[in-house]
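Enquirer: could you look at this predicted model? Sequence included:
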Amino acid sequence: MRTPAGASSVPGVLIDPLHQEFGWSHGTIGSAVSINLLLFGLFSPFAAALMDRFGIRRVLVVALVFLATGSSLTVFMTHPWQLWLLWGVMVGIGAGSISMAFVATLVGRWFVEKRGLVTGILTAAGATGQLVFLPLVAHLATHYGWRVPALLVGATTLAMVPLAWLAIRDHPHKLGLEAYGATPANPTPPEPRGEGNAAAVALGSLREAARTRTFWLLAGGFAICGASTNGLVGTHFVPAAHDHGMPLTLAASLLALIGLVDIVGTIGSGWLTDRVDPRYLLLGYYFLRGLSLMILPSLLAPNVQPSMWVFIIFYGLDWIATVPPTVKLCQDRFGTSGAIVFGWVFASHQFGAAIAATGAGIIRDVQGSYNLAWYIAGGLCIIAAALSIMIRPNPVPEPELVPEEEPEPDPVSM
């Protein structure tokens with residue numbers, strides 16, 4: 001699923017080509033990316049509930065069709081609202097349906113042991129797919145125009161539909177199997193009943209989770225995570241490097257290298273999540289990411305200096321390493337609703353990304369530089385580190401943030 005995952009990151013590479021052809025500002029194009037990122041997150045918990053209701057395979061196929069259609073039709077656009085509708089709304093919903101909630105659902109059904117490691121592997125595949133695809137997109141956009149990569153994304157995504165239908169199964173019991181590591185004491189999670197209103201289930205899970213302190217701490221930290229990755233670096237690193245004289249293709253290649261390094265970082269994070277308190281992992285990840293973003297403005301130049309290689313490797317190891325420990329905390333704290341609750345936490349991730357995508361574009365339009373955006377993101381990451389360590393250290397259900405209603409008096413006892 002790397003190619004579909006990469007579809008949502010393509011507009012970041014096309015900011016300059018779209019600006020040159022249509023004269024649209026960085027803020028205008030960034031707002032389309034913001035819509036994409038926001039819907040990417042907001043639809044995630046509903047997609048998880050739809051997978052419980054209709055099955056993983058059906059939701060996945062419909063999502064791929066949305067992605068292919070939204071990407072392909074952009075070649076006909078002439079106004080910003082069409083960019084917002086197609087790459088913002090359609091691609092956002094399609095990508096959101098096969099996002100991190102999809103990973104959490106799949107892992108929750110098929111694995112009892114090694115969940116952290118498997119989450120890391122699948123997350124690395126998706127996140128890397130968002131980046132390694134970009135040098136090809138940049139090359140095609142530079143030599144053949146931005147419409148060619150848009151059509152390529154649409155065609156490649158559409159080709160994934162039959163593969164998804166043939167390869168994906170909704171639950172191990174459908175094949176007469178048990179989840180990996182299942183035991184009588186810790187059995188395979190039951191098959192979803194496939195009943196009820198998916199929207200009501202998703203909203204009900206949010207209502208229950210929102211009464212706990214853990215949810216808000218996770219959501220706050222993950223919002224900053226989104227702002228400092230997809231929203232800022234994923235969307236604006238290429239045009240920011242281009243502002244300093246770096247060729248578009250070289251800048252996209254550096255972003256792709258972050259994705260390759262991320263494979264090691266995220267799989268390693270998954271391995272650690274099975275062994276180390278996830279709160280400590282998040283503390284370290286966010287703190288180190290904040291420091292790296294604060295020094296980035298001094299590293300951007302027409303050529304790649306050794307210090308930039310250090311940043312690429314260091315930041316790449318941390319790119320999406322926050323996902324396995326966050327998924328683990330949701331599973332531990334919220335039980336069978338963990339995948340849907342993580343969908344809502346991931347929605348906050350994309351909300352933060354959406355704000356950063358538009359905000360950084362506006363900063364660039366007003367100041368002529370992205371420097372302030374890097375400094376703000378670095379400071380926010382330090383705050384995210386503090387939020388993570390404030391999560392309670394055990395999975396015992398926490399008291400609700402809102403007081404419960406007093407029970408009605410028993411007339412018999414009166």
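Expert: That came in fine, so what should we check first? Numbers count the residues shown, from 1 in each chain.

Enquirer: touching, residue 381 and residue 223? I think so.
Expert: No - the pair residue 381 / residue 223 is not scored as a contact, 11.4 Å apart, by C-beta atoms under 8 Å. Every C-beta, even on glycine, is put in place using the N, C-alpha and C of the backbone.

Enquirer: could you give the average pLDDT over the one helix or strand residue 119 maps to?
Expert: Assigned by DSSP states H and E, residue 119 belongs to helix 115-132. Average pLDDT, helix 115-132: 72.

Enquirer: excluding its backbone neighbours, what's nearest residue 229?
Expert: Closest residue to residue 229 apart from its sequence neighbours, by C-beta to C-beta, 6 or more residues apart in numbering: residue 319 at 6.2 Å.

Enquirer: before we move on, the earlier item: tell me the helix or strand right after the helix holding residue 119.
Expert: helix 134-144.

Enquirer: that next one packs against which elements?
Expert: helix 10-22, helix 147-167, helix 248-273 (3 or more C-beta pairs under 8 Å, 6 or more residues apart in numbering; DSSP states H and E).

Enquirer: can you give me the buried ones in that helix?
Expert: By neighbour count on 16 or more other C-beta atoms under 10 Å, the buried set for helix 134-144 is 134, 135, 136, 137, 138, 139, 140, 141, 142.

Enquirer: check stretch 22-36 too.
Expert: 24-36.

Enquirer: farthest pair in these?
Expert: 25 and 36 (17.2 Å; C-beta to C-beta).

Enquirer: worst average pLDDT in the helices and strands packed on helix 134-144?
Expert: helix 10-22 (a mean of 77).

Enquirer: check whether residue 46 really touches residue 202, as I assumed.
Expert: Yes - between residue 46 and residue 202 there is a contact under C-beta under 8 Å: 4.9 Å.

Enquirer: shared neighbours of these two, anything?
Expert: residue 343 (C-beta atoms under 8 Å, 6 or more residues apart in numbering).

Enquirer: so, low pLDDT: which residues of the stretch 151-300 of the chain?
Expert: 193-196, 198 (pLDDT under 70).

Enquirer: quick check, pLDDT for the residue nearest to residue 229.
Expert: Per-residue confidence (pLDDT) for residue 319: 83.

Enquirer: can I get stretch 234-245 in CSV, CA atoms only?
Expert: Provided in CSV are the C-alpha atoms of stretch 234-245 (Å, rounded to 0.1, in the frame of the first residue of the first chain):
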residue,chain,number,x,y,z
GLY,A,234,6.2,16.7,4.3
THR,A,235,4.5,19.6,2.7
HIS,A,236,7.1,22.5,2.8
PHE,A,237,10.6,20.9,3.0
VAL,A,238,10.9,20.8,-0.8
PRO,A,239,9.9,24.4,-1.5
ALA,A,240,11.9,25.6,1.5
ALA,A,241,15.0,23.9,0.2
HIS,A,242,14.2,25.3,-3.3
ASP,A,243,14.1,28.8,-1.8
HIS,A,244,17.8,28.3,-0.8
GLY,A,245,18.7,27.4,-4.4
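
Enquirer: buried ones in it, by neighbour count?
Expert: Applying 16+ other C-beta under 10 Å to stretch 234-245 flags 234, 235, 236, 237, 238, 239, 240, 241, 242, 243 as buried.

Enquirer: try stretch 46-56
Expert: 46, 47, 48, 49, 50, 51, 52, 53, 55, 56.

Enquirer: what's the helix or strand for the first one?
Expert: Residue 46 belongs to helix 26-54 when assigned by DSSP H and E.

Enquirer: other residues contacting stretch 183-192?
Expert: Contacts of stretch 183-192 (C-beta under 8 Å, 6+ apart): 51-53, 108-109, 112, 170-174, 178-179, 182, 336.

Enquirer: distance from it to the middle of the chain?
Expert: 28 Å (C-alpha atoms, centre = their mean, to the nearest Å).

Enquirer: which of the residues in it are buried?
Expert: Those would be 188, 189, 192, for stretch 183-192 by 16+ other C-beta under 10 Å.

Enquirer: next one: stretch 192-208
Expert: 192, 198, 201, 202, 203, 205, 206.

Enquirer: returning to that earlier point: tell me the one of the buried residues of stretch 183-192 nearest residue 212?
Expert: For those, the nearest to residue 212 is residue 189 (21.7 Å; C-beta to C-beta).

Enquirer: which residues does residue 61 contact?
Expert: 161, 164, 165.

Enquirer: ok, so of the residues you listed, who is nearest residue 86?
Expert: Closest to residue 86, out of all of the contacts of residue 61 and judged by C-beta to C-beta, is residue 161, at 18.8 Å.
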